[in-house]
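[1] Pasting a predicted model and its sequence here:
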Amino acid sequence: MSTPDAPPVTGHPRVDAALAELDLSGPVEQHADEIQRVHQVLQDVLNPSPQPSGR
């Protein structure tokens, strides 16, 4: 379970790791790269690229 100071726990290891590394202390506009990295992890998890069937 998460606390107000801790990132949410989703149960998905990649998402949880990305959120745990996100530090938004200070002005948010200084964290564009971090936010973009977490957004990419979320996109990868929610919309995975189709895997070749190997046939």
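    Nice, I can see it.

[2] okay, CA-based contacts and neighbour counts for the rest of this
    Will do.

[3] what helix or strand is residue 44 on?
    Under the criterion of DSSP states H and E, residue 44 resides in helix 32-46.

[4] Identify each buried residue in that helix, please.
    For helix 32-46, a neighbour-count test (16 or more other CA atoms under 10 Å) marks 34-35, 38, 41-42 as buried.

[5] Closest to residue 18 out of the residues you listed?
    Residue 18 lies nearest to residue 38 out of those, by CA to CA, at 5.6 Å.

[6] Show me the shaky parts of this protein.
    Across the chain, the ranges flagged by pLDDT under 70 are 1-4, 53-55.

[7] please redo it, this time with the cut-off set to 80
    1-5, 28, 51-55 (pLDDT under 80).

[8] Any idea how far the helix holding residue 44 is from the middle of the chain?
    In this view, helix 32-46 has its centroid 5 Å away from the chain centroid, taken as CA atoms, centre = their mean, to the nearest Å.

[9] and what of stretch 42-55?
    Centre-to-centre, stretch 42-55 and its host chain are 17 Å apart (CA atoms, centre = their mean).

[10] outside of it, which residues touch it?
    14-15 (CA atoms under 8 Å, 6 or more residues apart in numbering).

[11] try 10 Å
    Applying CA atoms under 10 Å, 6 or more residues apart in numbering, the contact partners of stretch 42-55 are 12, 14-15, 18-19, 36-41.

[12] still on that earlier bit, in CSV, list the buried residues of helix 32-46 along with distance to residue 5.
    Shown next, in CSV, are these (distance: CA to CA, whole Å):
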residue, distance to residue 5
34, 18
35, 18
38, 18
41, 21
42, 21
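
[13] Just give me the closest of these to residue 28.
    Out of the buried residues of helix 32-46, the member with the shortest distance to residue 28 (by CA to CA) is residue 35, at 9.0 Å.

[14] Next up, the contacts around the closest one.
    Counting by CA under 10 Å, 6+ apart, residue 35 makes contact with 18-19, 22-24, 28-29.

[15] could you measure residue 25 against residue 35, distance?
    Here the criterion is CA to CA, to the nearest Å. By it, residue 25 lies 12 Å from residue 35.
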